[in-house]
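> give me a model of this one.
(one chain, ligands or ions: 1)
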Amino acid sequence: MDSLSSILKKVKQLDPIPTVIHKVLDLADNPESSLKDLVAVVERDAAITANLLKTVNSAHIGLPVKVDSIQQAVSMLGLQQVVEMVLAQNLGSNLKRSQKGYGLAKGDLWCQSLTVAMVARTLARQRDLMSLPAIYTAALLKDIGKVILHAFVADQIEAIQQSVARRGMSFVEAEKEVLGMDHATLGGIIAKQWHFSSHMIYMIENHHLPDPAARNDPATATLYLADMVAMMVDTGIGVDRLAYHVHQDVFNDFFPDKQQLKSLMITYKGLQREIQGFFKAD
Ligand SMILES: [Fe+2]
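Predicted structure coming up:
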């Protein structure tokens with residue numbers, strides 16, 4: 001079996017995602033839906049509700065009273081935070097493992113994905129973008145392709161790194177050339193298998209902006225920048241660090257003043273510390 005067929009075969013072996021995620025995203029994206037609809041959808045799933053209440057009541061969140069319903073959680077934390085908690089708790093199972101080929105230890109990819117998702121949401125809010133939960137989800141899942149590709153990258157890391165070093169390719173281009181598949185395209189295939197929207201698939205496939213038109217899609221450009229900020233801050237994490245094209249026009253568009261980029265990097269560091277603290281406390 002060639003490596004491309006082996007890669008695609010593994011897509012079917014990933015843990016599925018709960019269907020409630022699609023319902024949450026649909027409702028969160030629909031201005032006609034009410035808070036009550038969303039609370040009802042989450043409450044209908046006992047496992048998700050129990051998990052969410054456990055997190056809400058954890059010492060890390062530090063609420064002054066015990067919360068025993070989703071409705072109460074929403075009124076204390078706000079809808080956005082509760083939706084993000086539901087997404088984060090139910091999209092991480094595949095991403096928490098170590099990704100050997102990318103030099104990522106257990107928890108590294110998940111921690112980075114969570115931080116990028118929070119930065120992407122912050123950036124999206126600053127630019128008044130709609131669909132914050134969808135952008136947050138795309139950021140959580142942008143590197144889902146690595147979960148499968150890492151074993152194949154490990155086998156071919158020298159060839160991939162040579163393409164990056166000698167031929168000026170980005171890591172994602174080198175993956176494509178050596179393996180016949182890159183982690184962003186594979187992420188799109190996985191998102192399609194999980195029945196995500198076409199825009200979600202597009203954002204994941206284009207989070208490194210291979211399609212020049214993607215920089216005109218504000219949500220995808222936001223995702224790209226949040227990911228680049230992560231790489232600029234986490235310079236020691238992952239074999240592919242900074243081996244991606246820098247699209248200066250997108251940076252200039254989002255950060256006409258360099259100080260804005262600097263302060264986003266500081267925000268990233270703070271969020272990262274918070275998330276790492278949460279993992280330690282868990
Ligand atoms: Fe990526």
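> below-threshold pLDDT in the stretch 51-200 of the chain: ranges please.
Along the stretch 51-200 of the chain, no part satisfies pLDDT under 70.
> can you pull out the helices in it?
Secondary structure of the stretch 51-200 of the chain, counting by DSSP state H, counting those that start in this stretch: helices at 70-77, 79-91, 108-126, 132-141, 144-155, 157-167, 171-179, 183-193, 198-205.
> now what about the stretch of helix or strand residue 252 belongs to, what contacts it?
Per DSSP states H and E: residue 252 is located in helix 248-254. Helix 248-254 has contacts (CB atoms under 8 Å, 6 or more residues apart in numbering) with 123, 127, 209, 215, 221-222, 224-225, 228, 260-261. (C-beta placed from N, C-alpha, C; glycine too.)
> let's see it at 7 Å
By CB atoms under 7 Å, 6 or more residues apart in numbering, the residues outside helix 248-254 that reach it are 215, 221, 224-225, 261.
> take these and lay them out in JSON lines including secondary structure.
Shown next, in JSON lines, are the contacts of helix 248-254 (DSSP: H, G, I helix; E, B strand; the rest coil):
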{"residue": "215", "secondary structure": "helix"}
{"residue": "221", "secondary structure": "helix"}
{"residue": "224", "secondary structure": "helix"}
{"residue": "225", "secondary structure": "helix"}
{"residue": "261", "secondary structure": "helix"}
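> which one of these is nearest to residue 247?
residue 215 (6.1 Å; CB to CB).
> okay, now that closest one: neighbour count?
16 (other CB atoms under 10 Å).
> what helices and strands are in contact with the strand or helix carrying residue 278?
If you go by DSSP H and E, residue 278 is part of helix 258-281. Under the contact criterion of 3 or more CB pairs under 7 Å, 6 or more residues apart in numbering; DSSP states H and E, helix 258-281 touches helix 108-126, helix 218-233.
> with distance to residue 159 and mean neighbour count added, can I get these in JSON lines?
Putting these into JSON lines (distance: least, CB to CB, whole Å; neighbours: other CB atoms under 10 Å) gives the following:
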{"stretch": "helix 108-126", "distance to residue 159": "22", "mean neighbour count": "22"}
{"stretch": "helix 218-233", "distance to residue 159": "22", "mean neighbour count": "22"}
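> circling back: to residue 54, which of the helices of the stretch 51-200 of the chain lies closest?
The nearest among the helices of the stretch 51-200 of the chain, by CB to CB, is helix 79-91 at 9.4 Å.
> show me which residues of that closest one are buried.
82-91 (16 or more other CB atoms under 10 Å).
> over to stretch 44-57?
Within stretch 44-57, the residues that count as buried by 16+ other CB under 10 Å are 45, 48-49, 52-53, 55-57.
> now, the residues you listed that are in strands?
Taking DSSP state E as the definition of strands, those contribute nothing to them.
> which of the contacts of helix 248-254 lies closest to residue 95?
Proximity of these to residue 95 (CB to CB) peaks at residue 224, which lies at 19.0 Å.
> not counting sequence-adjacent ones, nearest residue to that closest one?
Take residue 224 and drop its neighbours on the chain: the residue closest to it by CB to CB, 6 or more residues apart in numbering is residue 209, 5.1 Å away.
> who's in contact with that neighbour?
Neighbour list for residue 209: 215, 224, 247 [criterion: CB under 7 Å, 6+ apart].
> circling back to that earlier point, how far does the helix holding residue 278 sit from its chain's centre?
Chain-centre distance of helix 258-281: 15 Å, with CA atoms, centre = their mean, to the nearest Å.
> thank you, goodbye.
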